[in-house]
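In: quick one, structure for this:
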Amino acid sequence: MKNFFFFPLIVFIFGCSSASFSPSKKDLTSLSKSDITQVWIPLDANKLNLFDDGNAESLFQALQESIRYYKSQPNNKIPFVLNETNYPPKHLLGSLCLLEKIVKESTAKEIEPRLKENFDFFVPRENIAKMARATGYYTPTVKGSLARSRKFSVPVYAQPADLKTLDLGLFRSNLKSRTVIYRLEKGEVLPYYSRKEINEGALRKKAKVLVWLEDKVDFYFLQVQGSGIVDLGGGKSFLLTYAGSNGADYLSIGNKIVQDGDLKPEEVSMQSIKQILKENPNRMDEVLNYSPSYVFFDTNSKVDKIYGSLALPLTAERSVAMDPNFYPKAMPIFIRTTINNCTAEGICKPESKYFQRIVFNQDSGGAIRGYGRIDLYFGRSAYAEAITGKLASPVEILLFLAKKESLEKQKAALDTCTVGE
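Out: Numbers count the residues shown, from 1 in each chain. Just a heads-up that it's a prediction; the model follows:
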């Protein structure tokens, strides 16, 4: 059931929009030695100035999906470990329900003090010394065919049966949630095939072809985005969703084009890369194969919703992809960055604009690794394509989780949390 009647009550006014929530040098010097050596640095909530510039409807849509996710998780699942504290799925669900309850019941002026009273706030220590980076992605539409032809000759593969994953956490406790992707050849463990090897035919008769596309460059950027809609013509279409990767490192072909002298760093965008490759078809394979990473797909007949790696529908400008090895899945994060200032028609102004709000870690990606990377989902439109084409901005990241004593006080109310049902 959609509870939109309370939207006027939840406009976020968390202080000056130009204020940063990162700790100052003075704040850091006041931390204890035990705090400063932790992976996550706790912040004094009373010093935080936050402002959410998004719309309320998208916030609740994404929040409902995250609550639905944790309602499906067993409580004995491996907890999220922050410094030396375990947060089991039950606590994470409680955090989401408490967030929903606070926003639902509060006036705009009451939200900030209630969040500060009931939540603990943290910043990754790694992101203080080196600012994290935000990029963006969207859902493209590409032309394809279920039959191979001269026009449609670029295969889109399902995940191969011989691709294997090794859980390193089985061998060392400090490698929990870390994996290695490999293949076996005559009993020997080898890295899985690279993009170049796959493009040269390594997967022929080894993996199912889901569809044939007409353009190599469109397929490359489809892999970068992680999902897309295939237009088969005649009003027929289906969705390609992320199924996995070959485990190889993602390398930016934009960097290679800069190194080759074709573009200046400030000129690199998805649109400019496509133009360079269109003008130099003889170099296309060399440039595309520069990145050994390769993405495999699955199919979904429904195209009304776009799903992320958690099998949750993504919400434009609220869903993000982050490394699940470092950030808790589906949980809220507060970010502050800048994005391209574009119109609905995809026309962008030279100056950027602030983008600061609560987002949810509802997706992942092969290039999104470590504490210092976040990929913002912008939907499926000319606006989304224009914004993501050149987005690579410094970003501040703030994780917040409910205090245990707050969950205990609100236990009765949170046990009846039914958002998303």
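
In: how about the helices in the stretch 101-250 of the chain?
Out: When assigned using DSSP state H, counting those that start in this stretch, the helices of the stretch 101-250 of the chain occupy the ranges 108-118, 126-129, 195-199, 216-225.

In: pick the most deeply packed of these.
Out: Taking mean count of other Cβ atoms under 10 Å as the contact definition, the stretch among the helices of the stretch 101-250 of the chain with the greatest mean neighbour count is helix 216-225, which reaches a mean of 21. Backbone N, C-alpha and C define where each C-beta goes, glycine included.

In: ok, back up a step: okay if I get the helices of the stretch 101-250 of the chain as CSV plus mean pLDDT?
Out: Written out in CSV, the entries for the helices of the stretch 101-250 of the chain read as follows (pLDDT from 0 to 100):
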stretch, mean pLDDT
helix 108-118, 82
helix 126-129, 73
helix 195-199, 97
helix 216-225, 93
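
In: how about those helices in CSV, adding distance to residue 42?
Out: As requested, these are arranged in CSV below (distance: least, Cβ to Cβ, whole Å):
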stretch, distance to residue 42
helix 108-118, 13
helix 126-129, 13
helix 195-199, 42
helix 216-225, 35
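
In: mind listing the helices for the stretch 251-400 of the chain?
Out: Assigned by DSSP H, counting those that start in this stretch, the stretch 251-400 of the chain shows helices spanning 253-259, 270-279, 284-288, 382-388.

In: and of those helices, who's closest to residue 62?
Out: When the helices of the stretch 251-400 of the chain are compared for distance to residue 62 using Cβ to Cβ, the nearest one is helix 382-388, at 15.9 Å.

In: which residues are contacting that closest one?
Out: Helix 382-388 is contacted from outside by 135-140, 270, 316, 339-340, 342-348, 376, 378, using Cβ atoms under 8 Å, 6 or more residues apart in numbering.

In: list only buried entries from those.
Out: 135-140, 270, 316, 339-340, 342, 348, 376, 378 (16 or more other Cβ atoms under 10 Å).

In: just name the closest of those to residue 369, please.
Out: Proximity of the buried ones among the contacts of helix 382-388 to residue 369 (Cβ to Cβ) peaks at residue 135, which lies at 12.4 Å.

In: isn't the closest one up against residue 372?
Out: No - taking contacts as Cβ atoms under 8 Å, residue 135 lies outside contact range of residue 372: 11.4 Å.

In: quick one on the thing from earlier: make JSON lines out of the buried ones among the contacts of helix 382-388 and add pLDDT and distance to residue 221.
Out: Compiled in JSON lines, the buried ones among the contacts of helix 382-388 are given as follows (pLDDT from 0 to 100; distance: Cβ to Cβ, whole Å):
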{"residue": "135", "pLDDT": "91", "distance to residue 221": "13"}
{"residue": "136", "pLDDT": "92", "distance to residue 221": "13"}
{"residue": "137", "pLDDT": "93", "distance to residue 221": "10"}
{"residue": "138", "pLDDT": "93", "distance to residue 221": "10"}
{"residue": "139", "pLDDT": "93", "distance to residue 221": "11"}
{"residue": "140", "pLDDT": "92", "distance to residue 221": "7"}
{"residue": "270", "pLDDT": "86", "distance to residue 221": "6"}
{"residue": "316", "pLDDT": "95", "distance to residue 221": "18"}
{"residue": "339", "pLDDT": "92", "distance to residue 221": "19"}
{"residue": "340", "pLDDT": "87", "distance to residue 221": "17"}
{"residue": "342", "pLDDT": "88", "distance to residue 221": "18"}
{"residue": "348", "pLDDT": "84", "distance to residue 221": "18"}
{"residue": "376", "pLDDT": "95", "distance to residue 221": "16"}
{"residue": "378", "pLDDT": "95", "distance to residue 221": "14"}
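
In: in strands, which of these appear?
Out: With strands identified by DSSP state E, the entries of the buried ones among the contacts of helix 382-388 that belong to them are 135-137, 339-340, 342, 348, 376.

In: show me how this structure divides into domains.
Out: Domain assignment for the chain by automatic domain parsing gives 7-137+309-414, 141-251+291-300.

In: which stretch in the ones you listed has the least confidence?
Out: Among the domains of the chain, domain 7-137+309-414 carries the lowest mean pLDDT, at a mean of 81.
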